[in-house]
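> show me the folded form of this:
(one chain, ligands or ions: 1)
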Amino acid sequence: MGIPLTSRNFIGGNWKPAQNGQTIAVVAPSDGSSISEIPASDLTDVNEAVVAARNAFEHGEWSRLAPVDRGRRLHALGNEISKHSKQLAHIESLDTGKPFREATNDIKAAARYFEFYAGAADKIHGEVIPYSNGYHVQAVREPLGVTAHIIPWNYPAQMFGRTLAPSLAMGNAVVLKPAEDACLAPLKLTELALKCDLAEAINVVCGTGESAGAALARHPGINFLSFTGSPETGAAVQAAAAANHVGCTLELGGKSPQIIFADADIEAAVPAVINAIVQNAGQTCSAGSRVLIQNSIFQKTVQRLSSEFTRLEAGPVSGDFNLGALISKKQKARVESYLKMANASQIVARGMISSNAPEGGFYLAPVLISPVEPHSPLAQEEIFGPVLCCIPFDDESDAVSIANATPYSLVAGVWTDDGGRQIRMAKALRCGQVYVNCYGAGGGIELPFGGAGKSGHGREKGFEALRGFSQVKTIVHKYG
Ligand code: NAD
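Purely as a prediction, here's the structure:
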């Protein structure tokens, strides 16, 4: 269904293989089969892409277009994505192992990113600053130049929209390095971008992190780096950016708590808590991977969660299963290594793997672990799989201390009917997004998103992303 057998890089307006001729096999997580190949690019290809982007930015049309026209082209891409949503969702689910239903939502979000930032392109106004008499001072917002984007495998299509659309809207030229484990949807999205006169502004270089990713991060020709992935790689990428004196945003995952108080609407909380860890098989940076439950309702809430967990089923992408396969054998082994840290008595519920699931797929049944000691690795480290840890707490201040006591701080959910507590908790929680009586893993396109500490820094989504992909120039006129 339109999946290229050999995918290529897109550099300087042309599709090309890696100059070293090497490729990487693309493996379908749902059955472990090889479905395609991508270029195993290295510094040579990355260099060519950065030079092409620089040339486009300095001499091309894109950064000089009227913002309204940039917006029109981005909007056209949003429309193309919607028009090809079935095909894109098919590619995305095959490449990542996620259910077709979830991939369909991801494609809708990818289209929405281009719509949102298309609308924003001509609404970035500068300021006139009151200064001394006889001076007229403007602060204008300008593009950065060439922005580099290194993205992970968990939401490739959404990430394409999330990181590229705001940068393009500001008039930058971009170089994207998708993850070697899942980059077919970004390549197909690039193909669609060409139909919308965006060829000049976009370059895509596939390859491993160690080779293509590292070469892009330390390339002296880039002006900014946007990275999403693991904290370890994020630290290396930030060091590379620092060596070139360029800024970066890092989105590095989380250990996000969902906090349920005794007065909460449990019927509303339970499905939201389950969805926040089962979505994308728990491989979501903002997954709600810890559930903090007030002591007085701990037993009954864990029982309720257990009975739901035992019914959860992992299966192939085309069926109506709660979750699909994990991305790779390596990721499955990583999640299993965390499960080995729990005692048998702590594994209070385990879901199922469908009998339709092919043998070679990387399936893992969802697991509920309870009780978990707040300072144990299970409660502190990002597992990135369908594993939910239950932690009891006494009162509001106990909940805040436990919630804030991991090195991560990305998202939190609070479930309570007490209005005062809703506000107190929202203020006390150390994170970039707080949801009260709801939970939006990943959140909406319009909502600024990002973390602190080991979750990274900088904000994506909403208008905040536009600020990140631009810089302010102050212009001072003395007129007498
Ligand atoms: P990773 O950080 O190694 O990979 C993310 C991206 O960075 C990929 O495009 C990769 O090719 C690139 N990369 C890798 N090494 C690089 C380097 N030295 N320089 C520049 N780019 C490099 O993540 P992973 O190995 O795919 O996954 C490991 C763990 O990271 C997961 O188990 C999970 O805990 C976490 N993770 C988090 C997110 C998130 O959304 N925050 C996404 C994926 C993985």
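> contacts and neighbour counts: CA atoms only from here.
OK.
> ok, which residues in the stretch 301-450 of the chain are in contact with the ligand?
Q331, E382, I383, F384 (CA under 6 Å from any ligand atom).
> now with 8 Å, please.
Within reach of the ligand by CA under 8 Å from any ligand atom, the stretch 301-450 of the chain has these residues: Q331, R334, V335, E382, I383, F384.
> wait, doesn't the last one sit right on Q283?
In other words, F384. Yes - in this structure F384 lies within contact range of Q283 using CA atoms under 8 Å: 4.6 Å.
> who has more neighbours out of those two?
F384 (25 against 22; other CA atoms under 10 Å).
> check contacts around the more buried one.
Contact analysis of F384 by CA atoms under 8 Å, 6 or more residues apart in numbering lists G282, Q283, T284, C285, V335.
> swap the cut-off to 7 Å and go again
F384 makes contacts with G282, Q283, T284, V335, as judged by CA atoms under 7 Å, 6 or more residues apart in numbering.
> ditto for K454
So K454 contacts P231, L252, P407, Y408 (CA under 7 Å, 6+ apart).
> swap in C196?
When contacts are counted by CA under 7 Å, 6+ apart, C196 touches R73, A76, L77.
> stretch 304-321: which residues count as buried?
For stretch 304-321, burial by neighbour count (16 or more other CA atoms under 10 Å) applies to 305-306, 308-310, 312-319, 321.
> what about that stretch, average pLDDT?
For stretch 304-321, mean pLDDT is 96.
> endpoint to endpoint, that stretch covers what distance?
20 Å (CA to CA, to the nearest Å).
> enumerate the positions of stretch 65-85 that are buried.
Buried, per 16+ other CA under 10 Å, within stretch 65-85: 67-82, 85.
> among those residues, which ones are in strands?
Using DSSP state E, no member of the buried residues of stretch 65-85 falls in strands.
> among the residues you listed, which ones are in helices?
67-82, 85 (DSSP state H).
> let's have the contacts of K454 in JSON lines, adding pLDDT.
Converted to JSON lines, the contacts of K454 look like this (pLDDT from 0 to 100):
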{"residue": "P231", "pLDDT": "97"}
{"residue": "L252", "pLDDT": "96"}
{"residue": "P407", "pLDDT": "97"}
{"residue": "Y408", "pLDDT": "98"}
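> so where's the stretch 1-150 of the chain uncertain?
Along the stretch 1-150 of the chain, segments meeting pLDDT under 70 span 1-6.
> show me the contacts for whichever residue of it sits closest to the ligand.
Residue of the stretch 1-150 of the chain nearest the ligand, by CA to the nearest ligand atom: I150 (5.2 Å). For I150, the contact set (CA under 7 Å, 6+ apart) comprises L176, K177, P178, G213, S226, F227, T228.
> quick check on it: phi, psi?
Backbone torsions for I150, taken as degrees, to the nearest 10, come to phi -110, psi 120.
> how close does it get to E200?
19 Å.
> L364 now?
L364 is 42 Å from E200, by CA to CA.
> kindly report the same for F100.
According to CA to CA, F100 and E200 sit 32 Å apart.
> then A399?
51 Å.
> ok, back up a step: who does the residue of the stretch 1-150 of the chain closest to the ligand bridge with?
Note on I150: beta-bridge partners K177, F227, judged by DSSP bridges.
> could I get stretch 115-131 in CSV with only the CA atoms?
Extracted as CSV, the C-alpha positions of stretch 115-131 are listed here (Å, rounded to 0.1, in the frame of the first residue of the first chain):
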residue,chain,number,x,y,z
GLU,A,115,-3.1,23.8,10.1
PHE,A,116,-2.3,25.4,13.4
TYR,A,117,1.1,26.8,12.5
ALA,A,118,-0.2,27.8,9.0
GLY,A,119,-2.7,30.0,10.8
ALA,A,120,0.0,31.3,13.1
ALA,A,121,2.6,32.2,10.4
ASP,A,122,1.2,35.7,9.8
LYS,A,123,0.3,36.4,13.4
ILE,A,124,3.8,36.8,14.9
HIS,A,125,3.9,40.5,15.6
GLY,A,126,6.8,42.4,16.9
GLU,A,127,6.6,45.1,19.5
VAL,A,128,7.2,48.8,19.7
ILE,A,129,9.0,49.7,22.9
PRO,A,130,8.5,53.1,24.5
TYR,A,131,12.1,54.4,25.0
